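Participant: build me a model:
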Amino acid sequence: MTQNIYQQLGLKRVINACGKMTILGVSSVAPEVMQATAQAAGAFVEIDQLVDRAGELVSHHTGAEDSYITSCASAGIAIAVAAAITHGEQTSVAQMPDSTGLANEIVMLRGHNVDYGAPIISAIRLGGGRVVEVGSSNLAARWQLESAVNDNTAALLFVKSHHCVQKGMLSIEDFVAVARTHGLPLIVDAAAEEDLHSWVACGADMVIYSGAKAFNAPTSGFITGKRAWIAACKAQHHGIARAMKIGKENMVGLVYALDRYQQAQQTPDAQALQPWAEAISAIHGLHADIEQDEAGRAIWRIRVRVEPQELGLDARKVEAQLRDGDIAIYARRYYLHQGIFSFDPRTVGEGEMALIVARLKEIADHAAN
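Facilitator: Sure thing, here's the model as predicted:
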């Protein structure tokens, strides 16, 4: 079997069945997108003009007034926060991330204060923001959001993610209404979302996406929204965003990836996954079914429940053996404490699901001996 580039470098082959995760390189980039990226890398361009033009092209997809391409979604959070605090004013931009003397409070739900591989609060602090949490971990009320706003508030932040608490939280409509009442910008972290339109359409001022997750772009991100706030984001290039700049080639790669994404959106449905769930359920000690994404996206996965009394191993040990084999197989492991892991088919290559089933059978057979 032909080795991939990482195996040629002496690294283990990986089957990514956990989704578009940073720890595994996020996503695979289509050859035509990489061709555009390579062509961009081999030529010169006026960067400021590219930034503006790329923003226009991204905005054609989002319906926003303007957009600004970043190195990743985390950088987008920091830059959007800095924009909200400084309004793009030159002296304040140069002062960041020290926001002393400026309105710098970023109001968000406690149930949205998540860790996505790094605490979201770290990205907010990089932009000079000070987090003000609203509500409890599992419940928040509109009046609590209203009462958190004061003269030191710079922005409201709404996080849309499977990492967030999914019950008892306020809606985006609540955040839009409060932001408008108080004349504050609303930032939406939609890093892994696939819907390019709804968050802008609902009235958010700055919406942050990862380019490399849903859209299969090279490493990148973007902020899309109101023209005045995107201008304030661009101003951060002369401050904190200088350390987060993205190369010309990945800007072009993102634009081409978004074009390709709009033309061919394909997500495996529940019916297509059923034969693989049945094959896994045929293995002694394993029971598989189909689950929908925790945050309600149209993403379907195979959920595997381990019965330790039958198998002789618990879910943690099975998942660890998947990762530690000759081929490292990564599953989604958020519910291991409940005896469950899942397989996300979006990042599984041709023929790889059969390898996953074979490895599970091998683990089960070994446990039985």
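Participant: what is the neighbour count of Ala73?
Facilitator: The number of residues packed near Ala73 is 24, by other C-beta atoms under 10 Å. All C-beta spots, glycine's among them, are computed from the backbone N, C-alpha and C.
Participant: likewise Arg305?
Facilitator: Here the number of neighbours of Arg305 (other C-beta under 10 Å) works out to 17.
Participant: partners of it in the sheet?
Facilitator: With DSSP bridges as the criterion, Arg305 is bridged to His287, Ile340.
Participant: run through the residues that contact it.
Facilitator: Leu286, His287, Ala288, Ala315, Gly339, Ile340 (C-beta atoms under 8 Å, 6 or more residues apart in numbering).
Participant: just Glu56 next, same as before
Facilitator: Counting by C-beta under 8 Å, 6+ apart, Glu56 has contacts Asp66, Ser67.
Participant: so which elements touch the helix or strand containing Trp229?
Facilitator: If you go by DSSP states H and E, Trp229 is part of helix 227-235. Taking 3 or more C-beta pairs under 8 Å, 6 or more residues apart in numbering; DSSP states H and E as contact, the helices and strands that helix 227-235 lies on are strand 66-70, helix 73-86, strand 206-210, strand 221-225.
Participant: that helix relative to strand 206-210, how many degrees between them?
Facilitator: 50 degrees (axes from the mean of the first three to the mean of the last three C-alpha atoms, to 10 degrees).
Participant: where does the prediction get shaky in the stretch 201-350 of the chain?
Facilitator: For the stretch 201-350 of the chain, applying pLDDT under 70 flags the ranges 263-267.
Participant: quick one on the thing from earlier: how about the helices and strands packed on helix 227-235 in CSV, adding distance to Gln309?
Facilitator: Converted to CSV, the helices and strands packed on helix 227-235 look like this (distance: least, C-beta to C-beta, whole Å):
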stretch, distance to Gln309
strand 66-70, 49
helix 73-86, 42
strand 206-210, 41
strand 221-225, 45
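Participant: nearest to Gly296, out of those?
Facilitator: strand 206-210 (17.5 Å; C-beta to C-beta).
Participant: distance of Asp344 from Arg227?
Facilitator: 36 Å (C-beta to C-beta, to the nearest Å).
Participant: same for the helix or strand that the helix holding Trp229 is followed by, what does it pack against?
Facilitator: Using DSSP H and E, the helix or strand that follows helix 227-235 in sequence is helix 248-263. For helix 248-263, the elements it packs on are helix 31-41, helix 47-62, judged by 3+ C-beta pairs under 8 Å, 6+ apart.
Participant: quick one: closest of these to Ala354.
Facilitator: So among the helices and strands packed on helix 248-263, helix 31-41 is nearest, using C-beta to C-beta, at 23.9 Å.
Participant: who does the closest one touch, helix- and strand-wise?
Facilitator: Looks like helix 31-41 contacts helix 248-263 (3+ C-beta pairs under 8 Å, 6+ apart).
Participant: which residues touch the helix it packs on?
Facilitator: With C-beta under 8 Å, 6+ apart as the criterion, helix 248-263 contacts 29-30, 32-34, 36-41, 45, 47, 50-51, 54, 57-58, 61, 69, 71, 196, 211, 214-220, 222.
Participant: if we can go back for a sec, TSV for the helices and strands packed on helix 248-263, including mean pLDDT?
Facilitator: Below are these laid out as TSV (pLDDT from 0 to 100):
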stretch	mean pLDDT
helix 31-41	96
helix 47-62	97
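Participant: make a markdown table out of the ones you listed and add distance to Ala148.
Facilitator: Output for these, formatted as a markdown table (distance: least, C-beta to C-beta, whole Å):
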| stretch | distance to Ala148 |
| --- | --- |
| helix 31-41 | 42 |
| helix 47-62 | 29 |
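Participant: the closest residue in space to Gln321 that isn't next to it in sequence: how many residues sit nearby?
Facilitator: Leaving aside its chain neighbours, Gln321 sits nearest to Ile363 (5.1 Å; criterion: C-beta to C-beta, 6 or more residues apart in numbering). As a burial measure, Ile363 scores 21 neighbours (other C-beta under 10 Å).
Participant: hmm, who's touching the one helix or strand Ile363 maps to?
Facilitator: Per DSSP H and E: Ile363 is located in helix 352-368. For helix 352-368, contacts defined as C-beta under 8 Å, 6+ apart pick out 15, 17, 276, 279-280, 283-286, 304, 311-313, 318, 321-322, 325, 327, 329, 343, 345, 348.
Participant: mean confidence score for that helix?
Facilitator: Model confidence over helix 352-368, given as mean pLDDT, is 95.
Participant: which element, helix or strand, includes Glu278?
Facilitator: Per DSSP H and E: helix 270-281 holds Glu278.
Participant: and that helix, how far out from the chain middle?
Facilitator: 27 Å (C-alpha atoms, centre = their mean, to the nearest Å).
Participant: residues of that helix that come out buried?
Facilitator: Residues Leu273, Trp276, Ala277, Ala279, Ile280 are the ones in helix 270-281 that count as buried (16 or more other C-beta atoms under 10 Å).
Participant: what sits up against it?
Facilitator: 286-290, 292, 300-302, 304, 343, 345, 353, 357, 360.
Participant: among these, name the buried ones.
Facilitator: 286-290, 300-302, 304, 343, 345, 353, 357, 360.
Participant: same list (these) but as JSON lines, adding distance to Asn150.
Facilitator: Formatted as JSON lines, these follow (distance: C-beta to C-beta, whole Å):
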{"residue": "Leu286", "distance to Asn150": "54"}
{"residue": "His287", "distance to Asn150": "52"}
{"residue": "Ala288", "distance to Asn150": "51"}
{"residue": "Asp289", "distance to Asn150": "48"}
{"residue": "Ile290", "distance to Asn150": "47"}
{"residue": "Trp300", "distance to Asn150": "44"}
{"residue": "Arg301", "distance to Asn150": "42"}
{"residue": "Ile302", "distance to Asn150": "48"}
{"residue": "Val304", "distance to Asn150": "48"}
{"residue": "Phe343", "distance to Asn150": "47"}
{"residue": "Pro345", "distance to Asn150": "47"}
{"residue": "Met353", "distance to Asn150": "53"}
{"residue": "Val357", "distance to Asn150": "56"}
{"residue": "Leu360", "distance to Asn150": "55"}
